[in-house]
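Participant: next come a sequence and a model predicted from it.
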Amino acid sequence: FQRDLSVSLNNIADIRRRSDPVGALALYDESMRIFRRLAQREPDNSEFQRDLSVSLNNIADIRLRSDPVGALALYDEGLGIRRTLAGREPDNSGFQRDLSVSLDNIADIRRRSDPAGALALYDESLGIARTLAQREPDNSGFQRDLSVSLDNIADIRLRSDPAGALALYDESLGIRRTLTQREPDNSEFQTDVVVSLFKTAQTGVRAEARLSEALAILTGLNASGRLSSDQQGWIGAIQDALRAARGQGVSSGAATKRNGTP
């Protein structure tokens, strides 16, 4: 009954999260306290341990902007739990993916203040994502996770190693093209390709061709009403980047990322 109550609190908090983050936080906190008691009562119960890690992440997600230090402490606690679960059941793909998500959460926070530390976390996450993608090649979620992990590392390496970053971006783009071919009506996969094309264009290699393709995809999605308001803003940003690339030559002229870009 206690777990059922906690799950119900989480469900309500999930709905209220955007419209009432303060109210959602109170519900998540109540849920977390229940899960913590259950996890302490049955430390070998993997379900209770995972429940606690999810609750910690939920609270950290909301507190991230106002209290990044507190959010990091919660993410760290969740990471510890997930390392234990992943080590306990190495063949459990769900636990492995949970670990990868926790590594990414912490790396995201440390990305600006400690890029080397963030890179190490992203690299560990990439290893997990690659294993899962190889284990289940038909799992689109795992394939997409791998593409995101590749982008995360490439983003950090872009300035110091543009050639290495481009190789990672291109691998990610290849995955995303495959997913789009597999599910041509999936708008998320289409916009993922746009993001990859934009990122690869930043390296200056075939910038005009990549940006032109990205613009064509966005224009088609917008015509069918499949872009969010934020994504509609990408069209103007890519048009600006494309003009800049054309002004600097076909094979050079990476665009500078700005607000409103993918």
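Facilitator: Now that the structure is in, tell me what you want to look at.

Participant: so where is the stretch 101-250 of the chain shaky, pLDDT-wise?
Facilitator: Along the stretch 101-250 of the chain, the parts satisfying pLDDT under 70 run over 248-250.

Participant: show me the helices in it, by range?
Facilitator: 115-135, 140-157, 162-182, 187-201, 207-223, 229-248 (DSSP state H, counting those that start in this stretch).

Participant: alpha carbons only: can I get the shortest one in CSV?
Facilitator: As requested, C-alpha coordinates have been extracted for helix 187-201 and formatted as CSV (Å, rounded to 0.1, in the frame of the first residue of the first chain):
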residue,chain,number,x,y,z
SER,A,187,8.8,13.8,-36.2
GLU,A,188,11.3,13.5,-33.3
PHE,A,189,13.6,11.4,-35.5
GLN,A,190,13.3,14.0,-38.3
THR,A,191,14.2,16.9,-36.0
ASP,A,192,17.1,14.8,-34.5
VAL,A,193,18.5,14.6,-38.1
VAL,A,194,18.2,18.4,-38.3
VAL,A,195,20.2,18.8,-35.0
SER,A,196,22.9,16.5,-36.3
LEU,A,197,23.1,18.4,-39.6
PHE,A,198,23.4,21.7,-37.8
LYS,A,199,26.1,20.4,-35.5
THR,A,200,28.2,18.9,-38.3
ALA,A,201,27.8,22.2,-40.2
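
Participant: show me what that helix is packed up against.
Facilitator: helix 140-157, helix 162-182, helix 207-223, helix 229-248 (3 or more CB pairs under 8 Å, 6 or more residues apart in numbering; DSSP states H and E). From N, CA and C alone the C-beta is placed, and that goes for glycine too.

Participant: now the fifth one
Facilitator: In terms of contacts (3+ CB pairs under 8 Å, 6+ apart), helix 207-223 is packed against helix 187-201, helix 229-248.

Participant: next, the buried residues of stretch 140-147.
Facilitator: 140, 142-147 (16 or more other CB atoms under 10 Å).

Participant: looking at those, which one is closest to residue 108?
Facilitator: residue 145 (14.5 Å; CB to CB).

Participant: now do the closest one against residue 100, distance only.
Facilitator: From residue 145 over to residue 100 the distance is 7 Å, taken as CB to CB, to the nearest Å.
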